[in-house]
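Chemist: Sequence and computational prediction follow.
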Amino acid sequence: SRMAYEKLVKDLPLGDNKYKYFDLLGLDDDRYDKLPISIRYLLEAAVRHCDDFHVKKADVETILDWQKSQHNQAEIPFKPARVILQDFTGVPAVVDLAAMRDAVSELGADPSKINPVCPVDLVIDHSVQVDHYGNLDALAKNQQIEFERNSERFNFLKWGSKAFDNLLIVPPGSGIVHQVNLEYLSRTVFADSNGVLYPDSVVGTDSHTTMIDGSGVLGWGVGGIEAEAVMLGQPISMVIPEVVGYELVGELPSMATSTDLVLTITKNLRALGVVGKFVEFFGKGVSSLSIADRATIANMCPEYGATVGFFPVDSRTIKYLSQTGRDAAYLERTEQYLKANKLFVDYSDPNFRPAYTTILTLDLATVVPCLSGPKRPHDRVVLTDVAREFTEGVIAPVSFKGFGLKAEEANKEVAVEVDGVQTKIKHGSVLISAITSCTNTSNPSVMLAAGLVARKAVALGLNVAPYVKTSLSPGSGVVTKYLEASGLLEDLRKLRYHIAGYGCMTCIGNSGPLHENLAKAIDENNLVVAGVLSGNRNFEGRIHPHVRANYLASPPLVVAYALAGSVAVDLESHVFGHDAAGKPITFKDIWPTREEVAKFEEEFVKPQFFNEVYANIEKGSAEWQALECPNTKIYPWSKESTYIKKVPFFDNMSLDLPKKKPIDNAYVLLNLGDSVTTDHISPAGSISKTSPAARFLTSRNIAQRDFNTYGARRGNDEVMARGTFANIRLVNKLASKVGPRTLHIPSGEELDVYDAAERYANAAQPVIILAGKEYGCGSSRDWAAKGPYLQGVRAVIAESFERIHRSNLIGMGIVPLQFEDGQNADSLGLTGKEQFTIEIPDDLKPGQKVNVKVSNGSSFTVLSRFDTEVELTYNHHGGILHYMIRKLISE
């Protein structure tokens, strides 16, 4: 019964082609019309893949019965159409696949059993840094350095694209993964080799994969480990979500941008609490938003915590597909298929109101200019409050807004020489000003607005202070084309916003070094300086180790703050300078209206630009083409390499299930608080010269200037195990101060976390982690689970877990346990110096309670966070990849 719903297959003749599709209306079920569109997508995939093995008829019924099943944690399988990766997550994924081939071969089976069965697109966008900026050569120099530092990784990925089926590599210098996905890779509606049509859907190893939901493609971020299983044909197991309907009415006011809208929505949805839920947008206000506007809102989904922020396809989506160079037959096929299955919407139709779980409404007319910061993306600050809030925060106690300085330090001003120019910096000085990130550079309206701010400022004779590090790093070459065509790139360059590269850059912390005199002045005077960037994340220590206050803002505000030079001045009343007649220049003199911007967009954003940029994108630069890689099915690992190493996860693996190891008398490796991010657990940024990873690289004769970043070294488990919990901002209750240290309890010595873990491992002592709420929030990062696994962590007991991180822990065989409501380590009187025995029964059920015995004589119960039977199965196998190897060999 390969296709249980064969009877639903219908013909869809279009031109000379005769397509087929699964007709969901043929289910003849009146529950269908009440389903949110995003749930209809899950239903279509279940119907198409139903084989009564992976996907059962009962699963189809669970989805159809969404109005009831959403309330009882019902589990469903989902097989997405494709997988998307970027290089920081893509390298370890390909390393795992290559190591799995070795394992299969060692177990006497055919290594080509390990092969992606669906399209896998990998965009190399995380490796380029803002080393050079502020001049015309910056782009070429940064790309050259990128190749020098990363050629070994690039070579390995190029090998992967030849060795594995269905693996497409988009070479470095092309753009940012989510923008390339939106403008080029996205299929909207797939046609397979048999002419069967179905909606595109995607999971990606980057939490901002959700950006694609702005164009009506259902997609979200998953752990790298989970993505590998999907590539190999395993469905994702998920709990059927509630769907929050977000109704948009009215229109944005003239001063506001789509960035102001997304920061407002992020704050509102955070306040509502949407973790684990879908958000679906509807209402007349949506029709006034461009696809780029919708994609900006969808992009920041991880920051508001939902699984997706979904915008169903409407006529404006079809227009966008046409604008981005998709051909007429493709557009016709897409529209006709979606209409046939009632997946196409008209936002201005007041009768379109599926039975959402709850409904929130936002009047777009109430949106005002705003930023988010200084430490979290959902801490929105209205533009008029930024200066006051920052200034108060400098001397407020340390918190998400406060920096804890003494009152007498508040007014420090320090003279610094930058490239032969004397200047002064103080608290709030803007040292990083970056137009960066797919969130905003995919949106012509805000990019053109930034160009117009620059044009007006240049015409009035304004300039940017020498201490500001300015950069422009678009997510695709299309941006350059329309900025050049409109002449605005020239104006941006006059303010030193030269193109620094096509990649994530400042947004992920690849902001490059600050001028050494500035770095020294900040350190010696304990200055709280600022970054203003058009990115989507601003967690502490992420953007740059010297820049403590970071604000997310629209590209035009990024430029305006660079011109002001400080976040401690109120932009709306600030005098930027004086014009030729001596008249003061104020904010409204440099700020363009929405109408002005729209005129530029109409004139300069052309379909031919998309076609020109994407015609040869897969070819890559001369440097990429010159890379030579081995033509083999099994990778020839090099003992010398400090970038690419075979992971030890499958060493000595047997075909039989492994024996269960009890967690007896475990020590606490770390005792952590709330909001510990994956950046704290597995940093992506620079490798500190005093860290265990640095000592390892030095022992392999790597010079400090060649350390590169943790993100770039993710193909080497020895570096990554040492980089686990190596964040300088880690707050561990067992350590005497903030930093990557812990107490080795048996000896009472304070050590680097890795060194303590190694001591426990050598003495065969298991370790666990205690944590607070939202453990593992932030970027989806599989090394945040692989690293602790290699440090010997057997279980994490937390007050709550971020969704992707919990599934990554399970994927690596680490046990996620949750304190009972209202309890935590402190309330239970635990210091973390005790030993813990976790009594996990052999017949554990999803969500069952588990007893924990403490060496001080007390005990407490925790909730097992294996939420599904499938997750328990992975655990029995020692992890999802071990399960996949055994499964594929036995098929």
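Modeler: Yep, it's here.
Chemist: Could you name the helices and strands sitting against the lengthiest helix in the chain?
Modeler: Taking DSSP state H as the criterion, the chain has its longest helix at helix 138-163. Contacts defined by 3 or more C-beta pairs under 8 Å, 6 or more residues apart in numbering; DSSP states H and E place helix 138-163 against helix 87-106, strand 120-123, strand 167-170, helix 622-626. Where C-beta positions appear, they are placed from N, C-alpha and C, glycine not excepted.
Chemist: Distance from that helix to the middle of the chain?
Modeler: 22 Å (C-alpha atoms, centre = their mean, to the nearest Å).
Chemist: Tell me which of the helices and strands packed on helix 138-163 sits most buried.
Modeler: Among the helices and strands packed on helix 138-163, the stretch with the highest mean neighbour count (mean count of other C-beta atoms under 10 Å) is strand 120-123, at a mean of 26.
Chemist: Tell me which residues are up against that one.
Modeler: Strand 120-123 is touched from outside by 82-87, 90, 94, 157, 160-161, 164, 166-170, 174-177, 180-181, 185, 231, with contacts defined as C-beta atoms under 8 Å, 6 or more residues apart in numbering.
Chemist: Next: stretch 622-630.
Modeler: 143, 147, 151, 154-156, 158-159, 162, 171-173, 619, 636.
Chemist: May I see the buried residues of the longest helix of the chain?
Modeler: 138-139, 142-143, 145-147, 149-151, 153-161, 163 (16 or more other C-beta atoms under 10 Å).
Chemist: what do you get for stretch 403-411?
Modeler: Buried, per 16+ other C-beta under 10 Å, within stretch 403-411: Phe403, Leu405.
Chemist: so where's the stretch 301-450 of the chain shaky on pLDDT?
Modeler: Residues of the stretch 301-450 of the chain meeting the criterion pLDDT under 70: none.
Chemist: Can you show me the strands along it?
Modeler: Along the stretch 301-450 of the chain, counting by DSSP state E, counting those that start in this stretch, strands occupy 308-310, 358-363, 370-372, 380-382, 413-418, 421-426, 430-435.
Chemist: Provide the strand pairings for the first one, with the direction of each partner.
Modeler: Meaning strand 308-310. strand 278-282 (parallel) (DSSP bridges).
Chemist: how big is the angle separating the partner strand from strand 358-363?
Modeler: Angle of strand 278-282 versus strand 358-363, following axes from the mean of the first three to the mean of the last three C-alpha atoms, to 10 degrees, is 50 degrees.
Chemist: residues making contact with strand 278-282?
Modeler: Residues outside strand 278-282 that contact it (C-beta under 8 Å, 6+ apart) are 36-39, 241-248, 269, 294, 297, 301, 304, 306-312, 345, 347, 352-354, 356.
Chemist: Now do the buried residues in that strand.
Modeler: In strand 278-282, counting by 16+ other C-beta under 10 Å, buried: Phe278, Val279, Glu280, Phe281, Phe282.
Chemist: Output the longest strand belonging to the protein.
Modeler: Longest strand of the chain, by residue count under DSSP state E: strand 663-671.
Chemist: now the next helix or strand after that strand: mean pLDDT?
Modeler: Note on strand 663-671: by DSSP states H and E, the next helix or strand toward the C-terminus is helix 678-681. Averaged across helix 678-681, the pLDDT comes to 92.
Chemist: one step back: redo the contacts of stretch 622-630 as JSON lines? Include distance to Pro513 and pLDDT.
Modeler: Formatted as JSON lines, the contacts of stretch 622-630 follow (distance: C-beta to C-beta, whole Å; pLDDT from 0 to 100):
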{"residue": "Gln143", "distance to Pro513": "17", "pLDDT": "95"}
{"residue": "Phe147", "distance to Pro513": "19", "pLDDT": "93"}
{"residue": "Ser151", "distance to Pro513": "22", "pLDDT": "91"}
{"residue": "Phe154", "distance to Pro513": "23", "pLDDT": "95"}
{"residue": "Asn155", "distance to Pro513": "27", "pLDDT": "94"}
{"residue": "Phe156", "distance to Pro513": "27", "pLDDT": "96"}
{"residue": "Lys158", "distance to Pro513": "29", "pLDDT": "95"}
{"residue": "Trp159", "distance to Pro513": "32", "pLDDT": "96"}
{"residue": "Lys162", "distance to Pro513": "36", "pLDDT": "94"}
{"residue": "Pro171", "distance to Pro513": "26", "pLDDT": "95"}
{"residue": "Pro172", "distance to Pro513": "21", "pLDDT": "95"}
{"residue": "Gly173", "distance to Pro513": "21", "pLDDT": "94"}
{"residue": "Lys619", "distance to Pro513": "32", "pLDDT": "92"}
{"residue": "Pro636", "distance to Pro513": "36", "pLDDT": "96"}
